[in-house]
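> Kindly generate the corresponding structure for this input.
(2 chains, ligands or ions: 2)
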Amino acid sequence: MQQFLIRSGYGAGMWLVLLGLVLAGCGRGNDATAAIELTMVEQASPHVGPATVRFRLDDTQTGQPVTGAAIKVEGNMTHPGMAPSLAEATEVAAGTYEAEINYTMRGDWYLFFDIRLADGQTLTRQVDVPGVTE
Amino acid sequence: MDNAPTTTPQSGTDLLEWPVIGRFLRWRYARPAMQLPLLLGAIVMVAHGFVGPQLAPRNLASLLTWVHYRGVLIVVLLVAGNFFCMACPFMLTRDWARRFFKPALNWPRWLRNKWLAVGLLVAVLFAYELFDLWGSPWWTAWLIIGYFAAALAVDALFKQASFCKYVCPIGQFNFAASTFSPLEVKVRDTNTCATCTTVDCIKGTRHPDDRELVLQRGCELALFQPEKVGNMDCTFCLDCIHACPHDNVGITTRLPGSELWDDTRRSGIGLFSKRKDLAALAAIFMFGALLNAFGMVSPVYAVQQWIATQLGTTNEVPVLAILFVALLIVEPVLLMGGAALWTRRATGTPEPLMPIMTRFAYALIPLACGVWAAHYGFHLLTGLWTFIPVTQAAFADFGLPFLGEPLWQWTGFSTGAVYPLEIGLISLGLLGTLLVAYRIAERDYPRRARRVFIPWAVLVVVLWASALWLLSQPMEMRGTMLGG
Ligand code: SF4
Ligand code: SF4
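Ligands and ions are numbered 1, 2, ... in the order given. Down below sits the predicted model:
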């Protein structure tokens, strides 16, 4: 039993190191929705408190705004374990969306956009919001 | 056995006598059974650290390391004992590696102290601030791998548990905090030890026909049970418990922190009052707790910006270095030196300051435990449930979305709800530190205990007040401190 546990331990440890070396060199896969660009229309207010986040979605291949997308927005701190601010974005003009985010604390934040396009394709985008202050 | 401390017969509860937990801990394979899940967890964390999203709150490497592991670690140390060293996965891989690489070297004599480990602990705190390790899953994954590699390398070369005793910064943190734990690995009856001829608890159990063959290790940390006092250097590895042929070692309850005013000669350690390196560990444990918390509040950025302006630099390294020197060397020396000077005046003796500082440094440990617990407990409780959606998402990242849609709304307690608990922990630490300081004053200056106690009481109240001040500051967590 001890042999088994220790052997498993070693095997797992070696896998850990190998995995690290292999994975560290791995790149991320191609994004089929790479042409979809998210631009902040009104940069998120870097102040503590509620803020309206307004952004555009454009298809850079066609030059057309991306309409009818369902978008979940998460505002969170770069430090792990903090409470995120979650919101559903609403489309306020063709390809322009808004969401209400609450920056609850000073520090570095990011906005994470979980996007489902009208044709069912999904993609994610991230925008950094560094240095939120009072 | 001449040095054996006068141990009274066991009166506390013995964990090994408990129905389920006791049976489990007596099981020969209890330790590897605890290490294996942590090892598997480490593998998942490393994998996610490399291929998962490089957003610290959405990655298991950064989330579990900096929120859950640290938080649970300090809680377990303070409510039980050094169970994280017991379950340490680094030791599982090194145990297997030692089947192939029999270490031939003894740890160098000049390094048989805590100076290297204290330096590494400071280096980890420095790297944590400089590289914002909490914000980088990739670096956190490398840190985990580096830790496994370092433990393997050191213990493949050097005999005994050299890595645990002389190198591991986490181990030193655990050893310092475990002096304030309620549980201790301890002999049950000193009379049994007095008549014991095999001393397997330190030598290990040998095969009756082949004395070279070790059937069960003895203590690799050089702690001889009959002369062992307290938890310093004890990894709760259970080797002595399994080795003792008289079933004379237990895991017993005690008054937390009572070993801090006990200056009996300790096996594998010596006298606390003569160990400047251990006193330095206690001081770094205290002032490092304040520094680490200071790194999370708004004023730190103003201070750093001011230092950077004075230096005319935007390079974080010299700015952080100055802050570390000021808070981990200058501040302790001034405050503890001042208290020692006051002590000398109060006693009217020409005693040098260093021995006084060394003896009283251990009193800082309970307050330090309170500050670490408040800080790490804050992150643990406010982010308590975040591991659920991140685990769901991680499995989905690995192509196994069977845990369903991540419940991102699952977080933890509000900061307001945790705040009173933080104040309570720090204040409990203050009470513990005041008690230990008084007992040390009583031990060393029985006729002037109260007068000697006053400067140390003033010092710890100042430290307690600064911890409360830190708590009252607005939190701010930024990766870029200069011009960010
Ligand atoms: S082997 Fe057991 S009885 Fe003998 S000295 Fe060690 S703890 Fe005591
Ligand atoms: S063998 Fe040594 S380190 Fe392990 S539990 Fe016993 S005293 Fe502690």
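
> So which residue is dead centre in chain A?
When Cα atoms, centre = their mean is applied to chain A, the residue found nearest the centroid is A:Phe112 (3.0 Å).

> Distance check, that one against B:Ala56.
12 Å (Cβ to Cβ, to the nearest Å). Any C-beta I mention is one placed from the backbone N, CA and C, and that applies to glycine too.

> following the helix or strand of chain A with the lowest mean pLDDT, which helix or strand comes up?
Of all helical and strand segments in chain A, the minimum by mean pLDDT, DSSP states H and E falls on helix A:2-24, at a mean of 48. Reading on from helix A:2-24 to the C-terminus, the next helix or strand found by DSSP states H and E is strand A:36-42.

> Okay, now the sheet partners of that following strand, with direction.
strand A:49-59 (antiparallel) (DSSP bridges).

> now what about the partner strand, what contacts it?
For strand A:49-59, the external contacting residues (Cβ atoms under 8 Å, 6 or more residues apart in numbering or on different chains) are A:35-42, A:44-45, A:64-66, A:69, A:71, A:73, A:75, A:87, A:89, A:92, A:95-103, A:111, A:113, A:115, A:127.

> Pretty sure the residue nearest to the centre of chain A sits against B:Gln54.
No: checked against Cβ atoms under 8 Å, the pair A:Phe112 and B:Gln54 is beyond contact range at 11.7 Å.

> on that earlier part again, from the contacts of strand A:49-59, list the buried ones, please.
Buried members of those, scored by 16 or more other Cβ atoms under 10 Å in any protein chain shown, are A:36, A:38, A:44, A:66, A:69, A:71, A:73, A:75, A:87, A:89, A:95-99, A:101, A:103, A:111, A:113, A:115, A:127.

> For A:Gly49, list each beta-bridge partner.
A:Tyr103.

> Show the model's pLDDT score for it.
With respect to pLDDT, A:Gly49 has a value of 91.

> The closest residue to ligand 2 within the stretch 51-200 of chain B in helix, strand or coil?
For the stretch 51-200 of chain B and ligand 2, the shortest gap (Cβ to the nearest ligand atom) falls at B:Val185, measuring 4.3 Å. Put simply, B:Val185 is strand when judged by DSSP: H, G, I helix; E, B strand; the rest coil.

> I'd like to know how far it sits from chain A.
Distance of B:Val185 to chain A, computed by Cβ to the nearest Cβ, to the nearest Å: 20 Å.

> which residue packs closest to B:Leu459, ignoring adjacent ones?
B:Ala339 (4.5 Å; Cβ to Cβ, 6 or more residues apart in numbering or on different chains).

> Looks like B:Leu425 contacts B:His375 (just checking).
No: using Cβ under 8 Å, B:Leu425 is not in contact with B:His375, being 9.3 Å away.

> Of the two, which one has the most company?
Between B:Leu425 and B:His375, counted using other Cβ atoms under 10 Å in any protein chain shown, B:His375 has the larger neighbour count: 25 against 22.

> wait, doesn't the more buried one sit right on B:Leu291?
No: B:His375 lies out of contact with B:Leu291 (Cβ under 8 Å); the separation is 10.7 Å.

> What residues does chain A have near ligand 1?
Within chain A, no position is adjacent to ligand 1 by Cβ under 6 Å from any ligand atom.

> The residue of the stretch 51-200 of chain B closest to ligand 2: how many residues sit nearby?
Neighbours around B:Val185, by other Cβ under 10 Å: 28.

> now swap in the one 4 residues further on and tell me
Each residue near B:Asp189 was counted by other Cβ under 10 Å, and the total is 13.

> swap in the one 4 residues further on?
Other residues within reach of B:Cys193 by the criterion other Cβ under 10 Å amount to 22.

> The closest residue to B:Gly383 other than its chain neighbours and B:His379, how far apart?
In this structure, B:Gly383 finds its nearest non-sequential neighbour in A:Gly81, 2.5 Å apart by Cβ to Cβ, 6+ apart. Plainly put, A:Gly81 is 5 Å away from B:His379 if you go by Cβ to Cβ.

> Who has more neighbours out of those two?
Neighbour count, other Cβ under 10 Å: between A:Gly81 and B:His379, A:Gly81 has more, with 29 against 23.

> Give me the distance between that one and ligand 1.
Distance from A:Gly81 to ligand 1, counting by Cβ to the nearest ligand atom, to the nearest Å: 43 Å.

> Report the contact partners of that residue.
B:Pro57, B:Leu63, B:Trp66, B:Val67, B:His68, B:His379, B:Leu380, B:Thr382, B:Gly383, B:Thr386, B:Gly412.
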